[in-house]
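K.L.:
below are the sequence and a predicted model; questions follow.
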Amino acid sequence: MSLVAIAVTAAVAASLGYLASRRRESARELDAPDATKALDDKKKPRALKPPAPADPLAGLAFALGDVVSAEGDERWLAGAIVAREQALAAVIFVAPEGLAHHAVALFPAEARAVLWLSPAAVDTPPEPPGTLEIRGMAMQRRSRLPVTFERLGQGAPTVGPSGILAMYEAGGREVAIVVTSEGKALAWAGRRLDEGEYDRMGRGDD
């Protein structure tokens with residue numbers, strides 16, 4: 001064989017070997033994971049779960065589902081209207097009995113005293129007046145708060161997202177709560193009870 005033929009054969013063999021080597025390297029690159037992408041993925045912040053909403057009734061003497069007794073009566077607290085100013089202003093727990101919505105109201109500023117209330121009819125404008133006749137008594141407004149409302153549980157009467165919460169007194173322990181919202185007025189009247197004058201009997205669904 002001539003030297004030229006030998007040289008050509010050697011060159012062709014070298015080229016074929018180079019191409020085969022490149023094919024093997026390309027196959028390994030395709031099979032190998034993308035290290036840069038893996039590092040980038042590690043740097044990405046993980047999606048955080050949204051925090052659970054705070055329980056607006058946490059820390060109160062009562063909770064939804066409780067049964068409370070006072071003055072020879074028992075009430076199952078099925079629903080609630082939560083009133084907030086900036087902080088929690090009041091919770092009106094509702095105990096439906098037929099078509100009536102009896103209530104037990106808590107005011108955080110009143111420690112552990114409660115208002116033991118029944119529905120009352122009132123004739124009031126959207127702005128509760130300083131004096132209001134409730135159940136035949138002239139009651140004086142003690143407080144007035146512009147608040148937002150939230151309904152919880154079952155059986156709470158419908159209110160708008162905001163309105164006025166007013167508390168009235170008629171001397172002694174006679175009290176009333178008036179809620180006005182979106183042209184509608186709700187009222188409850190009854191007595192103030194101190195701790196020891198009512199009993200939380202546990203949950204009605206236990």
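P.N.:
Sure thing, it's come through. Only a predicted model underlies this, so the values are computations on that prediction, with no experimental measurement involved. Numbers count the residues shown, from 1 in each chain.

K.L.:
residues touching R142, list them.
P.N.:
167-169 (Cβ atoms under 8 Å, 6 or more residues apart in numbering). For the C-beta atoms, the positions are set from N, CA and C on the backbone; glycine is no exception.

K.L.:
what's the first helix or strand after the lengthiest strand in the chain?
P.N.:
Longest strand in the chain, counting residues (DSSP state E): strand 137-153. Under the assignment DSSP states H and E, the closest C-terminal helix or strand after strand 137-153 is strand 162-169.

K.L.:
what's the burial count for Q86?
P.N.:
The criterion is other Cβ atoms under 10 Å. On that basis, Q86 has 7 neighbouring residues.

K.L.:
same check, this time on R151
P.N.:
Residues lying near R151 (other Cβ under 10 Å) number 15.

K.L.:
show me the contacts for the closest residue in space to it that isn't next to it in sequence.
P.N.:
Spatial nearest neighbour of R151, excluding adjacent residues (Cβ to Cβ, 6 or more residues apart in numbering): I81 at 6.0 Å. Listed by Cβ under 8 Å, 6+ apart, the contact partners of I81 are 91-92, 94, 149-152, 156-157, 159, 179.

K.L.:
so where is the protein shaky, pLDDT-wise?
P.N.:
Counting by pLDDT under 70, the ranges of the chain that qualify are 1-54, 111, 203-206.
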